Structure formats: structure tokens, C-alpha cells
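> Next one to model:
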Amino acid sequence: MDEQQKKLSGSYYTPEAVVRSLVKWAVRKDTDRLLDPACGDGRFLMAHPNSVGVEQDAAAARAVHARSPGSLMRQGDFFSWASRTHERFECAAGNPPFIRYQRFAGEVRQAALKLCSRHGAEFSALSSSWAPFIVATAALLKPGGRMAFVIPAEIGHAPYARPVLEYLAGHFDRVQVVAVQRRMFHDLSEDCWLLQAEGFGGTTDHIFLSPMTQFGFMPRPPMLGVRVPLREWREWNCRLRPFLLSSNVRKLYRQAAEDPQFVRLRSIAKVGIGYVTGDNQFFHLRPSEAERAGIPEALLQPTVRNGKVMIGRAITRSKVEGWWRRDEPNFLLRLRPGDEVPQCVQRYLDSAAGKKARTTYKCRNRDPWYAVPDVVVPDAFLAYMSGEGPGLVANHAGCAGSNSVHMVALTGTMKVSVLQSAWANPFTRLSCEVEGHPLGGGMLKLEPREAGQVLLTRSAFRSKEDRELIAEGVATMRQWRHCD
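The predicted structure follows:
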């Protein structure tokens, strides 16, 4: 497959050392029947002859059958097959496809979610494909069965990881997540971890998390790690990532969360995404383009299109004037429903670019198509993707903001300058690392709900030990997102 085909199908084939390890973790006897629910090129099947593989791609299924003739192949959609089959297995292993919800759609997704719901695991429509694969596979195990899988590091922070781990803890004697810091797939920007569960039919009150720097062949799962009680995991918003921190850093963070001097950002401000135009090139104009089209300046809303313009502590009027002088495309054509459209603007809307813009998904699903909704002027902007840490910039110029940055609207009496002072506290940097999540390429991402969780204080940490713990925590999280 080329890179585009791999991305669309989630087909990134597993390194040999990982294959041998996971099969070794799952298989106890030669007579154990192993299931690989998305067998790809058949690497897991070849590692254990007594195997059954399911593969949706017909060409891949034929190739696997030729390479591993002793294995039994099922060609087709795994979830449809899993909902019908009466077969049960001693073990399972594999590398399920990592297909994000935007492409994990249609009948396949409906079959997956329906099947998992039948087994007591409810997934939202935003779930990636790997999560239902894990639950549906587990349900095909015999009592006492085991499984071992490659999983994305999203299991450490994504909301849809919760039903996966809740299901596993409620159906296995032991659940272990192996967090691997260095990438196992060199052609994949996403970090991958490993999952091992055994004793199907039992229950456990904890998850065993084993952080390690690099993974090589291991005949058995790591013995060292952190015992994460489900109660504590739930207190951390069902996220495993905080348990990569030392117990002392976690203790400091929990104490801060219970201290009245600390507040969550959501308690003083509303954080949301900006507007979506449907066609940025058409709706964002340079002053020279507006002048040629005769569009009045009154219909041009200065806007923060992305985090690149968020320099310094504030977006000021002088910065906006600089955009104008430099002829930068930071001005949104702002037309409201019901407004009379000037003839010069109508000509622009009817231009070739306008005819193309109105066919985009967002434009054709709003009335009128040219009125961009959700254009708000916030108190401040928050960069939601960053390397060093998300910056908070005051909005002194009355700019709007696109969905490339977050809108921060204060809900109380606090001033933006006071919020910025709290945001500059070193502890806030740690909180952003804890509440956010890695995006790849060393980037930290804060979704609106994650930003709302960030802990703020204006108080300085006077203890040298506390300051060192904060620095340690930031360094640890940065290492896990490959920032350094």
C-alpha cells in the first residue's frame, strides 16, 4: 500500500519483535486457537499456526492464505462476522486498524457500535475503530481466555478509552497497559502502546500500567509498573497519562486540585472553538483583494486565523493595522443573515471563487451560504496546539477567531490581565501537560474540555521541593510527547 491507502485503512504492519511478543503473551499451548480480528498481512497468523484471521480486504486475505496455508481465513467485515459466529477462542492477538471516527463510518461503524452495546460497552460516534475491535474480540474468548494487542497511546487520554478499560476491568482477572515512549512504528507519527488482558470471565479493581522507554522482544509482559486502582483512574477523569508521573508529582497535583486557592479555568471562563467558514481562501480577504472587489471595510472583520499571529501578550489595534499595511489575509467577510447585500459584494459572491465556495459542505448546509456563523469576539485567545505550551493572548483589538484557535470568554469579574498572570505560573504549564494530550511531532493539544480542566493559581510555590516536582512533571510529560 502507498501512504494514503495505509492512512485510509489504518493498515500499518507490525514489527516482528512486537508480533512475537504479543503472540507469546497470548498463547499458552500449541493447541490454543488464536484469533486475529484484522490480520492484514498475516504476521500474527504465521507466528501461531492454529489461528483464525479476519480481513476485510480481499486481496490481502488471498495473500495471507497463500503465506499461511495452515490458518483459517475469514474475508469480510469483522463486526458482521463476530455478531454471527458461534466460534470461541482461547486467545487473541493483533494490531487493529486505527481509523479515526471521520472515516470509521457507515454500516461498518453501526455494526461495530451495535455489537459492543450488546456486550455492555457504549461508544460515542467519535470513537476510533480500534476501541470496538478490542471489545468485540474479547467477547469471542472462552472463559479464562487471553489477548494481547497493539493499541494507540490514545488509550491514555481519549474519552472513548473509558468504555474499553471499563469493559476489560469488568471481564478479565488482569488488565495491563504497556506504555512505550519511543515509537514502535517508524512510518507512523502516532505513538503506540500495548495491551494485555487475561482471565476472561473474571474482574479486576485495577489496571497495571508499565511505562518503558523502548520495546524489544519480551517473552512475557513487564513485571514492573504502577498499580492504578480504578477508583483513582476515575478521579483523574479516566486518563492513564497522569500515572506516567511519579507518585510525588501526582500527590502535589491532587493537593492543588483540592486547594481553594486553585481554580479550574472552566469556573471563570468559557472555552470554545471559533467559526468555520467552509472555504478559508474565499472568506478571508487581503485588503488589496477587498479593494479590487469594492467590498466596504465595514464588512471586513479582523480575525485571528491561526496561532502564528498570537505573539506577545495581546492582539492590539496597532497589530491589526500592521496586518492591513502588510496586506495579510486576516480579514473575514462578515455578512449576517437578513443583511442587505451590496451590489459589489454580490458580484464577489457570484464570482468563480464564490460559485466554488458555495458547493463546500459547510456552505451548502447553511442559509444563506455566505453568512459565516458563530463569529464571536472573545476576551482572549488560547493556542490549542503548541510545542512549549499553549499561550494565552488578550484580545484588545476586538478580533474574531477561527477554529484554529480557542475562544476564551470570561464569565465573572476577573480581568484578562489577572488570568494571564495566573496562566504564567509554572504550575499552569504542568496542568496543561496533565490535562492536554500529545498530538504528534512534539505538539501538545488542548481540546476545549481539557482547557477547562486546567488548574490556575496566582500563588507562588515557595517550597524548593514543590518547584522541583513541578519541573520534574513538566519534563516527564514533554519526554512522552517527544517535545525534546
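> how about stretch 138-157: buried residues?
Along stretch 138-157, these residues count as buried under the neighbour rule (16 or more other Cβ atoms under 10 Å): 138-141, 145-157. C-betas here are computed from N, CA, C, even on glycine.
> Report how far apart the opening and closing residues of it are.
For stretch 138-157, the separation between the terminal residues is 21 Å (Cα to Cα, to the nearest Å).
> Run through the helices of the stretch 351-484 of the chain in chain order.
Assigned by DSSP state H, counting those that start in this stretch, the helices in the stretch 351-484 of the chain fall at 352-357, 361-364, 416-423, 426-435, 448-453, 464-480.
> Highest mean neighbour count out of those?
helix 426-435 (a mean of 23; mean count of other Cβ atoms under 10 Å).
> Can you tell me what sits against stretch 76-86?
37-38, 54, 56, 74, 108, 111-112, 114-115, 118, 132-133, 136-137, 139-140 (Cβ atoms under 8 Å, 6 or more residues apart in numbering).
> Narrow those residues to those that are buried.
Buried among these (16+ other Cβ under 10 Å): 37-38, 54, 56, 74, 108, 111-112, 115, 132-133, 136-137, 139-140.
> Now do Leu240, the pLDDT please.
Note for Leu240: predicted pLDDT of 97.
> Sorry, wrong one. I was asking about Ala60.
On the pLDDT scale, Ala60 is placed at 74.
> quick one: secondary structure of it?
helix (DSSP: H, G, I helix; E, B strand; the rest coil).
> longest strand of this structure?
Assignment by DSSP state E gives strand 141-152 as the longest strand of the chain.
> Return the set of buried residues in the helix or strand that it is followed by.
Next helix or strand after strand 141-152 toward the C-terminus (DSSP states H and E): helix 161-171. Neighbour counts over helix 161-171 (16+ other Cβ under 10 Å) mark 161-169, 171 as buried.
> contact partners of the longest strand of the chain?
Under Cβ under 8 Å, 6+ apart, the answer for strand 141-152 is 14, 18, 21-23, 25-26, 28, 88-96, 98, 128, 130, 134, 137-138, 177, 184, 190-201.
> Next step: the residues you listed restricted to strands.
Among the contacts of strand 141-152, the ones falling in strands (DSSP E) are 89-94, 177, 192-200.
> wait, which of those is closest to Lys362?
Closest approach to Lys362 among the ones in strands among the contacts of strand 141-152 (Cβ to Cβ): Cys192, at 33.3 Å.
> where in this structure is pLDDT low?
For the chain, residues meeting the criterion pLDDT under 70 lie at 1-12, 70, 99-105, 187-189, 484.
> Mind splitting it into its structural domains?
With domains defined by automatic domain parsing, the chain comprises 3-244, 270-281+299-330+374-480.
> Turn these into JSON lines, columns for distance to Arg250.
Shown next, in JSON lines, are these (distance: least, Cβ to Cβ, whole Å):
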{"stretch": "domain 3-244", "distance to Arg250": "6"}
{"stretch": "domain 270-281+299-330+374-480", "distance to Arg250": "8"}
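> Look up which residues are beta-bridged to Glu198.
Glu198 forms beta bridges with Arg146, Arg174, as assigned by DSSP bridges.
> What residues does it make contact with?
Going by Cβ under 8 Å, 6+ apart, Glu198 touches 144-147, 172-174.
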